[in-house]
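Got a sequence here, can you build the structure:
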Amino acid sequence: MRTGIARIVASCSACAKCKTPKALPTGKLMPLPVPERPWSHLALDYVTDLPSSLGFNTVLTIIDRFSRGVRFIPFSSLPSTLQTAQALVDHVFRHFGIPEDIVSDRGPQFISRVWRAFCQHLGVNVSLTSGYHPQSNGQCERANQELGKFLRVYCHKNPEDWPKFLVWAEMAQNSLRCATTGLTPFQVYLGYQPPLAPWTAVETPVPAIDDWMRRCEEVWTSTHQQIQTFLRRYKAQADRRRGPDPDYQPGDRVWLATKDLRTGNKTTKKLQAKYSGPYTILRKINDVCYKLKLPQYSRVHNSFHVSLFKPVIPGPLDEATPSEAPPEPLEIEGAPAYRVKEVLDSRRWGNGLQYLLDWGRLWP
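Coordinates of the predicted model:
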């Protein structure tokens with residue numbers, strides 16, 4: 001009897017949706033591939049809502065994932081896809097060539113057909129982070145934090161001067177010695193550290209080009225090896241705080257964490273269900289990312305990190321096995337609303353009307 005009660009409790013839909021799990025989060029760390037040379041693999045992100053100054057209020061951050069080198073490019077507003085592409089051409093491609101891969105979040109600029117066509121014509125692979133998992137683009141997130149700290153230190157008295165300090169923030173970031181490699185980004189992709197002040201030392205003979213190239217290649221090889229060593233150590237530390245990866249298969253059903261989802265439910269955040277669903281898994285993208293079958297009118301991308309899932313536990317009773325999740329309500333003029341296929345009939349009821357609706361395939 002104890003076993004049967006435990007199974008029924010474990011398969012309870014209300015408990016699955018509303019109780020916080022006590023187990024370690026799933027999804028072992030899966031580092032991005034280590035590049036072989038500078039500026040072959042990029043990461044992009046935006047810093048927005050800066051004080052308007054000199055016509056700018058947004059910064060595009062471009063990271064070289066090999067050297068940790070950065071480019072900070074100011075914009076007058078959140079740039080469009082074409083403006084972002086043009087900034088890449090002007091500030092990266094013409095100096096370092098066309099990259100092999102670009103990592104970004106799922107912002108509208110990076111999931112548009114224009115961006116896909118731009119990268120496809122250049123032979124650039126597009127890598128998008130999984131939904132609500134910004135850690136996948138951690139290098140950009142970290143660079144944005146460092147930019148924020150720099151600008152606060154130098155511009156806290158005159159915030160409107162931040163565009164004037166952007167170039168110095170970029171030079172400072174590219175001169176910062178990386179704990180992983182022991183080198184600065186400048187040393188990695190230039191082969192030397194440019195002086196930050198006018199050069200006053202005794203001038204020495206310029207080395208031969210072959211010596212310069214040899215030293216650059218030695219730096220790049222050493223950097224690649226040290227990054228791999230660092231990632232292995234970082235992965236081992238992170239995985240100690242994570243549970244084993246579940247092996248979900250297409251057709252399996254899971255609950256989806258609601259902490260980052262916007263719904264039409266007006267319930268206060270404190271009392272909102274921790275999970276929604278259940279949803280069916282469509283396919284496995286990699287060991288830590290899956291695609292879900294979401295309601296037809298869902299406005300979020302259906303790719304999610306495995307740490308946001310909780311498996312559906314079937315119960316011994318028919319009612320203990322939850323049905324597919326109903327669609328989330330749309331928000332129209334501040335009130336929740338649902339789409340219907342057809343109004344079939346109506347009747348008077350008291351002082352109002354009642355309607356017979358055909359929900360189509362949206363409602364189980």
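
Now tell me which helix or strand of the chain has the poorest mean pLDDT.
Within the chain, no helix or strand scores below helix 209-239, which has a mean of 61 by mean pLDDT, DSSP states H and E.

What is the subsequent helix or strand relative to that one?
Per DSSP states H and E, the first helix or strand lying C-terminal to helix 209-239 is strand 253-257.

what residues does that next one touch?
With contact meaning CB atoms under 8 Å, 6 or more residues apart in numbering, strand 253-257 is reached by 16-17, 248, 274-281, 292, 304, 308-312. No exception for glycine: its C-beta is placed from N, CA and C like everyone else's.

what about 6 Å?
Ala16, Tyr275, Ser276, Gly277, Pro278, Tyr279, Thr280, Leu308, Phe309, Lys310, Pro311, Val312 (CB atoms under 6 Å, 6 or more residues apart in numbering).

Direction included, what does that strand pair up with?
Using DSSP bridges, strand 253-257 pairs in its sheet with strand 275-286 (antiparallel), strand 309-311 (antiparallel).

Flag every buried residue along the longest one.
Neighbour counts over strand 275-286 (16 or more other CB atoms under 10 Å) mark Tyr275, Ser276, Gly277, Pro278, Tyr279, Thr280, Ile281, Lys284 as buried.

What of stretch 113-125?
Using 16+ other CB under 10 Å as the test for burial, stretch 113-125 gives Trp115, Phe118, Cys119, Val124.

residues in contact with that stretch?
Residues contacting stretch 113-125 (CB under 6 Å, 6+ apart): Thr81, Ala85, Ile98, Asp101, Ile102, Val126.

same thing with stretch 72-89?
Residues outside stretch 72-89 that contact it (CB under 6 Å, 6+ apart) are 55-56, 58-60, 91, 109, 112, 114-115, 118, 163, 166, 170.

Any buried residues in that stretch, and which?
By neighbour count on 16+ other CB under 10 Å, the buried set for stretch 72-89 is Phe72, Ile73, Pro74, Phe75, Leu78, Pro79, Thr81, Gln83, Thr84, Ala85, Ala87, Leu88.

and it, how far apart are its ends?
For stretch 72-89, the first and last residues are 14 Å from each other (CA to CA, to the nearest Å).

try stretch 90-103
When the termini of stretch 90-103 are compared using CA to CA, they are 19 Å apart.

In that stretch, which of the residues would be classed as buried?
Residues of stretch 90-103 classed as buried: Val92, Phe93, Phe96, Pro99, Glu100, Asp101, Ile102, Val103 (neighbour count, 16+ other CB under 10 Å).

closest one to Gly352 among the strands paired with strand 253-257?
strand 275-286 (31.0 Å; CB to CB).

Kindly format the C-alpha coordinates of that closest one as PDB.
The C-alpha coordinates for strand 275-286 follow below in PDB (Å, rounded to 0.1, in the frame of the first residue of the first chain):
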ATOM      1  CA  TYR A 275       6.100  24.200 -14.200                       C
ATOM      2  CA  SER A 276       3.700  24.100 -17.100                       C
ATOM      3  CA  GLY A 277       2.700  21.400 -19.400                       C
ATOM      4  CA  PRO A 278       3.200  18.500 -19.900                       C
ATOM      5  CA  TYR A 279       4.800  18.900 -23.400                       C
ATOM      6  CA  THR A 280       6.000  16.200 -25.800                       C
ATOM      7  CA  ILE A 281       9.600  16.000 -26.900                       C
ATOM      8  CA  LEU A 282      10.000  16.300 -30.600                       C
ATOM      9  CA  ARG A 283      13.700  15.700 -31.000                       C
ATOM     10  CA  LYS A 284      17.000  15.800 -29.300                       C
ATOM     11  CA  ILE A 285      19.400  18.500 -30.500                       C
ATOM     12  CA  ASN A 286      22.300  17.500 -28.300                       C
END
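
All the strands of the chain, in order from the start?
Taking DSSP state E, the strands of the chain run over residues 41-47, 58-64, 70-75, 101-104, 125-128, 253-257, 275-286, 289-293, 303-305, 309-311, 330-332, 335-337, 342-349, 352-358.

Among those strands, which comes closest to Thr181?
Nearest to Thr181, of the strands of the chain and by CB to CB, is strand 58-64 at 12.6 Å.

And that closest one, what does it pack against?
Packed against strand 58-64 by the contact rule (3 or more CB pairs under 6 Å, 6 or more residues apart in numbering; DSSP states H and E) you find strand 41-47, strand 70-75, helix 138-155.

Residues contacting the last one, please?
Contacts to helix 138-155, defined as CB under 6 Å, 6+ apart, come from residues Ala43, Asp45, Val47, Thr61, Ile63, Val70, Pro134, Asp161, Trp162, Phe165, Ala169.

That helix: which residues count as buried?
By neighbour count with 16+ other CB under 10 Å, helix 138-155 contains the buried residues Gln139, Cys140, Glu141, Ala143, Asn144, Leu147, Phe150, Leu151, Tyr154, Cys155.
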